[in-house]
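# structural data only, the sequence is not supplied:
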């Protein structure tokens, strides 16, 4: 061991708690200790956190539901015109339609009835297709789930290793190349990336189908390859940047310097640093998953995928209010639920909380 490394090791060893592997970074040791609740109050603290976060999410969804209902109510056009088409309705027909759809009631009563039906699974009927919204949802949700899941998996599997490599080789050629590619991915809009992939891989090379959904597992994957790659490029760029930043912070920390001085291998150091950097990385990955749910609207429109995003676009253009209200609130609920789960994951991912929970 060199004299400089010995000096660093002696300084870190003399620091309070540096030799205690139970404090700080798991498995290596740290000079810092974060105070956590005592064992007796831990269960109550966890319960209060879960209750407060869940209640806050519920209140936020109620506010969003009010905004969605008011925006559709105040939007140009009306339900009676959409139902009767080009033929102006007689006063008797218009009055009958208003009674049938509850439009003759006060606005507050209409909202309460709509929210009650939504909570109980009665989501109304589509004006355009004259079928229940639940049937439309069931027929489209599979495509959207497959697209979001495949795009998210591609982004995480490619971006996290690239971020680790860039962090370990900070300032080098590899780091610069990865950073440039990440900036390009961050700057490119999803629809522009999709059009470029369509032109290259569906028109010039003809390696993938340009639009629509497939029939069967392998045909579905063939049709989802370009849309999922479009989602993964933009999302993966965010994860690369965050992984690199979190890893650099861990690799430059005192416990890593101490471990190097003690002769710990770089492979184990990378593993431990990645585990300690998991909280910001996984938090960002969860928020990115929320972004993917909303980004599917543009991607499905670009590739003509019959999913929820394309259904929402078509319903907005036709002013199919029942479908628009349901999909908007459903997407908001999914995003809020993902954010809530990411927020509560700190209780499991935090080393201090995890250590207390195991006792």
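Okay, I see it. Predicted, not measured: the structure shown is a model, and the values here were computed from it.
# could you pull out the buried residues of stretch 114-125?
114, 115, 118, 123, 124, 125 (16 or more other C-beta atoms under 10 Å). Yep, even glycine has a C-beta here, placed from its N, CA and C like the rest.
# my read: the third one touches residue 328, true?
The one in question is residue 118. No: look at residue 118 against residue 328 with C-beta atoms under 8 Å: they stay out of range, at 11.0 Å.
# out of the buried residues of stretch 114-125, list just those in helices.
The helices in this structure, assigned by DSSP state H, contain 114, 115, 118 from the buried residues of stretch 114-125.
# of those residues, closest to residue 264?
The shortest approach to residue 264 among these belongs to residue 118, at 55.1 Å (C-beta to C-beta).
# now stretch 255-275, how far from the centre of its chain.
Distance, stretch centre to chain centre, for stretch 255-275: 31 Å (C-alpha atoms, centre = their mean, to the nearest Å).
# next, the buried residues of it.
For stretch 255-275, by 16+ other C-beta under 10 Å, it's 255, 256, 257, 258, 259, 260, 261, 269, 270, 272, 273, 274.
# the residues you listed into CSV, with extra columns for pLDDT, secondary structure and distance to residue 163?
Rendered in CSV, the data for the buried residues of stretch 255-275 read as follows (pLDDT from 0 to 100; DSSP: H, G, I helix; E, B strand; the rest coil; distance: C-beta to C-beta, whole Å):
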residue, pLDDT, secondary structure, distance to residue 163
255, 84, helix, 20
256, 82, helix, 17
257, 82, helix, 21
258, 84, helix, 24
259, 82, helix, 21
260, 82, helix, 21
261, 83, helix, 26
269, 82, helix, 16
270, 82, helix, 12
272, 81, helix, 16
273, 82, helix, 12
274, 82, helix, 9
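# low-confidence regions, the stretch 201-350 of the chain specifically.
In the predicted model, the stretch 201-350 of the chain carries pLDDT under 70 at residues 285-286, 348-350.
# so what are the domain limits for the chain?
Domain assignment of the chain by automatic domain parsing yields the ranges 42-75+130-358, 80-122.
# which stretches of the stretch 101-250 of the chain form helices?
When assigned using DSSP state H, counting those that start in this stretch, the helices of the stretch 101-250 of the chain occupy the ranges 107-119, 133-168, 173-187, 190-197, 217-251.
# residues touching the closest residue to residue 203 other than its chain neighbours, list them.
Using C-beta to C-beta, 6 or more residues apart in numbering and skipping residues adjacent in sequence, the residue nearest residue 203 is residue 210, 7.2 Å away. Neighbour list for residue 210: 198, 202, 203, 303 [criterion: C-beta atoms under 8 Å, 6 or more residues apart in numbering].
# spatially, which two of the buried residues of stretch 255-275 are the most separated?
Farthest apart among the buried residues of stretch 255-275 - using C-beta to C-beta - are 261 and 274, which lie 20.4 Å from each other.
# thinking again about what came up before, now the helices of the stretch 101-250 of the chain as a markdown table including distance to residue 343?
Converted to a markdown table, the helices of the stretch 101-250 of the chain look like this (distance: least, C-beta to C-beta, whole Å):
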| stretch | distance to residue 343 |
| --- | --- |
| helix 107-119 | 23 |
| helix 133-168 | 18 |
| helix 173-187 | 25 |
| helix 190-197 | 26 |
| helix 217-251 | 17 |
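# among those, which is nearest residue 94?
The closest of those to residue 94 is helix 107-119. By C-beta to C-beta, the value is 16.7 Å.
# what about that closest one, distance to the chain center?
Helix 107-119 has its C-alpha centroid displaced from the chain centroid by 28 Å (C-alpha atoms, centre = their mean).
# which one of the buried residues of stretch 255-275 is nearest to residue 235?
The shortest gap between residue 235 and any of the buried residues of stretch 255-275 belongs to residue 274, at 19.2 Å (C-beta to C-beta).
# from what I can see the closest one touches residue 248, true?
No: between residue 274 and residue 248 there is no contact, the gap being 11.8 Å when judged by C-beta under 8 Å.
# work out for me the element the spatially most central residue of the chain sits within.
The C-alpha lying nearest the average C-alpha coordinate of the chain belongs to residue 289 (C-alpha atoms, centre = their mean; 1.7 Å). In this structure, residue 289 is located in helix 278-303 according to DSSP states H and E.
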